[in-house]
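Novice: Fold the following, please.
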Amino acid sequence: MACPHAGVVVAYVKTFHPDCSPSPIKSALITTASPMDPSKHPDGEFSYGSGHVNPVKAINPGLVYDNAEGDNIRFLCSIGYSEDNIRSISRTNSSCPKNSSKTLPRDFNYPTLTALVKADGSFTVNSLRTVTNVGVATSTYNAKISSDSKLDVKVTPQVLSFKTLWEKKSYNVTVKGKALAEMSMASASLTWSNSIHNVRSPIVIHTYERDS
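Specialist: Presented below is the predicted three-dimensional model:
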């Protein structure tokens, strides 16, 4: 039932923003969702995603993560989609740009950040994100990090100041950690906050099985 519920919420948000494309609407649903209690869900974000969708808050998300068609195509190329598959999805005569296969999924301008790392070793993950101001023309957002002891998360810059609507600002997230067990995960979250909005993005680091 998740798909039809999400579809109805998207239609609801679209009635308030008829010119909005799918990417910022999806961002609004993700960043305004209510966090779930991880103690009741052993798989954490892998079981509940960003949380419980909130249609009312999604109407006015404050900031959104937007993507152009070329961004989506590069992402599909990076995760192994063939050009025939991509053309079927995009309904265009698109082809994979040079070096797109070297692009990591975590570099896609998505509202969440997920990275796969090796088990039992220290790691450093860097990701660049760009947000668009759709809230109040003149506004300032401060970064707030919530993390368990397994992850050290830093955001640069820690303050984003906007002067106009549709203005874009970029920031970098650096996640460091040590010795996560095989087939495990650790999570944190980044929230950009002002006096009106809380724009929350989950951060998940997970490990894969070691070679036997």
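
Novice: Pull the residues that contact the lengthiest helix in the chain.
Specialist: Secondary structure assigned by DSSP state H gives helix 2-16 as the longest helix of the chain. Around helix 2-16, the neighbours that count as contacts under CB atoms under 8 Å, 6 or more residues apart in numbering are 20, 22, 25-26, 28-29, 53, 55, 58-59. C-beta here means a position set from N, CA and C on the backbone, and glycine is covered the same way.

Novice: what do you get if the cut-off is 6 Å, keeping everything else the same?
Specialist: Around helix 2-16, the neighbours that count as contacts under CB atoms under 6 Å, 6 or more residues apart in numbering are 25, 53, 55, 58-59.

Novice: Out of those residues, grab the one that's most surrounded.
Specialist: residue 58 (23 neighbours; other CB atoms under 10 Å).

Novice: And that one, how close does it get to residue 153?
Specialist: When CB to CB, to the nearest Å is the yardstick, residue 58 and residue 153 sit 25 Å from each other.

Novice: just residue 38 next, same as before
Specialist: Computed as CB to CB, the residue 38 to residue 153 distance reads 16 Å.

Novice: Give me the more crowded residue out of the two.
Specialist: residue 153 (20 against 14).

Novice: residues contacting that one?
Specialist: Under the criterion of CB under 6 Å, 6+ apart, the contact partners of residue 153 comprise 145, 147, 175, 188.

Novice: Over to residue 25?
Specialist: Remark: with contacts taken as CB under 6 Å, 6+ apart, residue 25 is in contact with 10, 13.

Novice: can you confirm it is in a helix?
Specialist: Yes: counting by DSSP: H, G, I helix; E, B strand; the rest coil, one finds residue 25 located in a helix.

Novice: returning to that earlier point: ok, and the most crowded of the contacts of residue 153?
Specialist: Of all the contacts of residue 153, the most densely surrounded is residue 175 (25 neighbours; neighbours counted as other CB under 10 Å).

Novice: got the contact list for that residue?
Specialist: Residues near residue 175 by CB under 6 Å, 6+ apart: 125, 151, 153.

Novice: now do residue 130
Specialist: If you count contacts by CB under 6 Å, 6+ apart, residue 130 has them with 109, 168, 170.

Novice: Try it again at 10 Å.
Specialist: Residue 130 makes contacts with 63, 65-67, 109, 168-171, as judged by CB atoms under 10 Å, 6 or more residues apart in numbering.

Novice: name the element the nearest residue to it once chain neighbours are set aside belongs to?
Specialist: Leaving aside its chain neighbours, residue 130 sits nearest to residue 170 (4.5 Å; criterion: CB to CB, 6 or more residues apart in numbering). Under the criterion DSSP states H and E, the helix or strand holding residue 170 is strand 168-177.

Novice: what separates that strand from the chain centre, distance-wise?
Specialist: Here the centre of mass of C-alpha atoms in strand 168-177, compared against the chain's by CA atoms, centre = their mean, to the nearest Å, lies 12 Å away.
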